[in-house]
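> Coordinates only, no sequence provided:
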């Protein structure tokens, strides 16, 4: 017998490995393309979205909602300011009463 053995003919293992290599190379190319051009594509898509007008019914709905909120917000703003002032005053009284009780406890313990 010859000391050198001939290599086995390429079988399904070699074919599956070369197919896997081709698949991996394609994935690597896709990932490189995404890394190089992905942010630019995202920026262009966002610019296109901003340039595109919404459907007319949506524009009308938005205008109607904005008008309603503008009219409503005048009276609500006064009410909200009144409620915040009242809440601020109650918070101040709560803090002062907590400090007073703390001071009283401190004086009692001494």
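Arrived safely, thanks for sending. This is a predicted model, so every value here is computed, not measured. Numbering: from 1, shown residues only.
> Could I get the full set of helices for the protein?
12-51, 56-109 (DSSP state H).
> Columns mean pLDDT and mean neighbour count on top of these, output as CSV?
Every C-beta, even on glycine, is put in place using the N, C-alpha and C of the backbone. As requested, those are exported to CSV (pLDDT from 0 to 100; neighbours: other Cβ atoms under 10 Å):
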stretch, mean pLDDT, mean neighbour count
helix 12-51, 85, 10
helix 56-109, 88, 10
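> how near is residue 63 to residue 55?
13 Å (Cβ to Cβ, to the nearest Å).
> Now list whatever residues contact both of those two.
In terms of Cβ atoms under 8 Å, 6 or more residues apart in numbering, residue 63 and residue 55 are not both contacted by any residue.
> Tell me how far residue 106 lies from residue 92.
For residue 106, the distance to residue 92 - Cβ to Cβ - is 21 Å.
> hmm, I was thinking of residue 80
18 Å.
> can you check residue 34 too?
In terms of Cβ to Cβ, residue 34 sits 56 Å off from residue 92.
> now do residue 110
Counting by Cβ to Cβ - residue 110 and residue 92 are separated by 27 Å.
> Check residue 84 too.
Using Cβ to Cβ, we find residue 84 at a distance of 12 Å from residue 92.
> same deal with residue 85?
Counting by Cβ to Cβ, the gap from residue 85 to residue 92 is 11 Å.
> cool, and residue 104?
19 Å.
> now do residue 67
According to Cβ to Cβ, residue 67 and residue 92 sit 38 Å apart.
> Check residue 47 too.
49 Å.
> for residue 71, same thing?
Counting by Cβ to Cβ, the gap from residue 71 to residue 92 is 33 Å.
> next one: residue 15
81 Å.
> ditto for residue 20
For residue 20 relative to residue 92 (Cβ to Cβ), the value is 72 Å.
> And for residue 17?
77 Å.
> cool, and residue 107?
For residue 107 relative to residue 92 (Cβ to Cβ), the value is 22 Å.
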